[in-house]
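Participant: Take this sequence and fold it.
(2 chains)
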Number of protein chains: 2
Amino acid sequence: MPPSDEGGGTAQAVTEGEITMNCEILCVGTELLLGNTVNTNAAELSDLLSGLGINVFWHTVVGDNPGRLAEAVAIARGRADLIITTGGLGPTYDDLTKNVLAESFGRKMEYHPEEAEFLKAWFARNTSVKFTDNNMQQAYLPERCTVLHNDWGTAPGCAFEEGGVHVIMLPGPPNECIPMFRHRAVPYLKRLTGEVIFSRQIRVFGIGESAVEDMLRREMEHMANPSLATYAKFGEVMLRATAKAPTEEQAEAMCQPVVEHVCQLLGDKVYGVDVDSLEALVLSLMKERGLTFAAAESLTGGLISQRFTALPGASAVYKSGAVTYCNECKAAMLGIDLAAIEEKGAVSYETAAAMAQGVRACTGADLAVSATGLAGPDGDGVHPVGTVFVGLADGENVWVRELKLGTGRSRVRQLAANNAFDMLRRYLQGLPIVNK
Amino acid sequence: MPPSDEGGGTAQAVTEGEITMNCEILCVGTELLLGNTVNTNAAELSDLLSGLGINVFWHTVVGDNPGRLAEAVAIARGRADLIITTGGLGPTYDDLTKNVLAESFGRKMEYHPEEAEFLKAWFARNTSVKFTDNNMQQAYLPERCTVLHNDWGTAPGCAFEEGGVHVIMLPGPPNECIPMFRHRAVPYLKRLTGEVIFSRQIRVFGIGESAVEDMLRREMEHMANPSLATYAKFGEVMLRATAKAPTEEQAEAMCQPVVEHVCQLLGDKVYGVDVDSLEALVLSLMKERGLTFAAAESLTGGLISQRFTALPGASAVYKSGAVTYCNECKAAMLGIDLAAIEEKGAVSYETAAAMAQGVRACTGADLAVSATGLAGPDGDGVHPVGTVFVGLADGENVWVRELKLGTGRSRVRQLAANNAFDMLRRYLQGLPIVNK
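Facilitator: Presented below is the predicted three-dimensional model:
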């Protein structure tokens, strides 16, 4: 196996004489070739695989066509030693991935009674969906495979090895594909690689990716094992330190000084190590202290509440929220003086402050956040699109961040929500809240 | 040229003896393989190509690695008659697409003085970027090509034909790639093909994908041009009818009887043709009639409001919403009798009805929806996870759907929101709301 020779500027750990898997992600689905669906699975799986120290060298997409899928499998077998497929495991007649892969690798299909029982029970619970004979197809998998049971949908995945090539099949919908990878494929892969890959994620808010890279260029260019890489999304930067070693303890110990160095360099811009997201950190900090939370949203339109309540266990902390688009509703639901809103304007420091204080008072929550501003595409004739005020109130004080977030309705809303969660985490971590 | 042999259940039109181009999109960039960047170019180009009647049968991604790129080009040449590359045209040393493609097709590189002049002028205008010798590399292109001048960046693209295979090279950044395709590649391609493709999307809610396929199996298996295909997501089904013909008018006329047949067969399960989503349809129907909207959410935690306000122009219709997790907040914010909630339970028909009526009354909206239930992972000891009540209130009546939505926190929440929007659209379309 050749060492990774991927060009400069990559996050790939360079392996030195070590055995590394070279992976092809093979996505099956005509919807991808028609452009209806963006292939987020390929990106997310690549990210997760690189965290495991597995090189992803090819993405291939083919449609629901048995001939072209079989050809793509033949090519993949010839160059990769791990093939991960997505899509085509469902109950409809164009779901043909399992059959084509089984035939390509000379395997028959085998009935799995335990999966059939699961399917029957699933459909019995979900009485609004009709069970048809097609659905039972999902209980058939290539013989001698490891069944990857699907707790996030109905179609099981599977994994097997043939002639030195490992195959893992995952369902197509991202809300099934990604948890299936994390909870089913990762344990399978960990048993295959003789070495342990250990990585730690350092999560950063309030500084851009290129500024981070400038500060850490030396470390990123010259370190091989452990390696350090950056990833950016919606104003957040994630740094990942990855080490390979014979044991997890050794790999972890190799990562530790890198993590400490980065945390020291970036200071309080680092909001956590190995935490899932800003809101997940806020939820756990608030839970620890028995605090409760509320939100008053205008421009974010429910996004702050939605992201927070998407977390399992949020109900222990989240009290309630108000989504107040019109000024009258801001006044009526949050007990704010309508004349004051009209004087200062809905998009203002004062309104953001009053919204946070208002929702806190009327819900009895310990902490409350607010967001008002212009997500676009239309402006208000006064402020440019992207003008946003985000507020935070406790029983005594109120803080407001004034932000210029640029354009893109969805992007502006996500960035505003990120700022609300960042203000909360800084409050909870005892850091300055507004003057970052 | 082989006819398209896309399998059943796909939207690919089968051409009968007609000459159609089969395209491979070959994206070059290590950032795609690391998952840093989602491959939106492949999706957007596919969508645009299908609009031109060109079959996209393969997407391939390789990194900035000359060996693997050359192998991918050899494979693409053997199966496609149009190869569109993205990425790797820039000035840095890992931008190697042009050189590898030129070598693969046996062409030398040629200096283009007009492109060199453009580059010098561009760098003179943008003084913040330093002009280095590397930048002059961008003025070299494979010999005997059509230069695709880049008005959206610096690196020009190019197009050529060799042995019946057409090659088009586009830059990687989406804000250059897509306009380069529209304004440079499309005129080039239109000179090569003689047909247009036309498709219509029929959107369906309240019936599963396999039930739809059972009803339409004959049409889906035996129709080639126009063709009919299904796609499913979160309890919604989308059917696409696609036709190819010499003119757009002819292709549209060929689709029409298929659309009518499907609409007749699926009745009021069809919520719209060529509409973007349930919530987009609801927004446009409410806007037309000057109606306003509010939402009271418990299990969906702001998702209904967030999805609705994500639509540009929502502020004309959306008044406000309440996200009430705790019973006290349901009572205080929505004016519901706390004792009644406690008697019937937060997850009940009565609470869903009272939430919808309450939020309607306190916001003054014309129509209001509500959602309460258990998204999991934890139950309440009374109802199974997935038990959901969705309400709709106007000034006189209230309707509640009781649903069993199975497991998966995110899935249950999305399905509940879909049901709220479906109840609204059925109300607005004058259809029965609860007994689907």
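
Participant: Stretch A:142-155 near chain B anywhere?
Facilitator: Yes: using Cβ under 8 Å from any Cβ of the partner chain, stretch A:142-155 reaches chain B at A:151-153. Where C-beta positions appear, they are placed from N, C-alpha and C, glycine not excepted.

Participant: Would you work out how far apart the start and end of that stretch are?
Facilitator: 14 Å (Cα to Cα, to the nearest Å).

Participant: So what's the model's average confidence on that stretch?
Facilitator: Averaging pLDDT along stretch A:142-155 gives 93.

Participant: Likewise for stretch A:75-87?
Facilitator: The pLDDT scores in stretch A:75-87 average 96.

Participant: That one and chain B, any residue contact?
Facilitator: Yes: applying Cβ under 8 Å from any Cβ, one finds stretch A:75-87 touching chain B at A:75, A:79.

Participant: Now do stretch A:261-276: distance from first to last residue.
Facilitator: Using Cα to Cα, the end-to-end distance of stretch A:261-276 comes out at 21 Å.

Participant: which residues touch it?
Facilitator: For stretch A:261-276, contacts defined as Cβ atoms under 8 Å, 6 or more residues apart in numbering or on different chains pick out A:200-207, A:212, A:215-216, A:219, A:228, A:239, A:241, A:259, A:278, A:281, A:284, A:422, A:425-426, A:429, A:431, A:436.

Participant: Extract the CA atoms of the one helix or strand A:V56 maps to and return them as PDB.
Facilitator: Using DSSP states H and E, A:V56 falls within strand A:55-62. Extracted C-alpha coordinates of strand A:55-62, given in PDB (Å, rounded to 0.1, in the frame of the first residue of the first chain):
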ATOM      1  CA  ASN A  55      -7.600   7.900   3.300                       C
ATOM      2  CA  VAL A  56     -10.500   8.700   1.100                       C
ATOM      3  CA  PHE A  57      -9.200   8.900  -2.500                       C
ATOM      4  CA  TRP A  58     -12.300   8.600  -4.600                       C
ATOM      5  CA  HIS A  59     -16.000   9.600  -4.500                       C
ATOM      6  CA  THR A  60     -18.100   8.000  -7.200                       C
ATOM      7  CA  VAL A  61     -21.800   8.600  -7.900                       C
ATOM      8  CA  VAL A  62     -23.900   6.400 -10.200                       C
END
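
Participant: helices and strands around the very next helix or strand once past that strand, which ones?
Facilitator: Once the chain leaves strand A:55-62, the next helix or strand it forms, by DSSP H and E, is helix A:66-79. In this structure, helix A:66-79 packs against strand A:22-28, strand A:55-62, strand A:82-86, helix A:97-104, strand B:55-62, helix B:66-79, with contacts taken as 3 or more Cβ pairs under 8 Å, 6 or more residues apart in numbering or on different chains; DSSP states H and E.

Participant: what does helix A:66-79 contact?
Facilitator: Applying Cβ under 8 Å, 6+ apart, the contact partners of helix A:66-79 are A:22, A:24, A:26, A:28, A:57-58, A:60, A:62, A:83, A:88, A:96-97, A:99-101, A:103-104, A:163, A:165, B:5, B:7, B:57-58, B:71, B:75, B:79.

Participant: angle of it against strand B:22-28?
Facilitator: Orientation of helix A:66-79 against strand B:22-28 (axes from the mean of the first three to the mean of the last three Cα atoms, to 10 degrees) gives an angle of 30 degrees.
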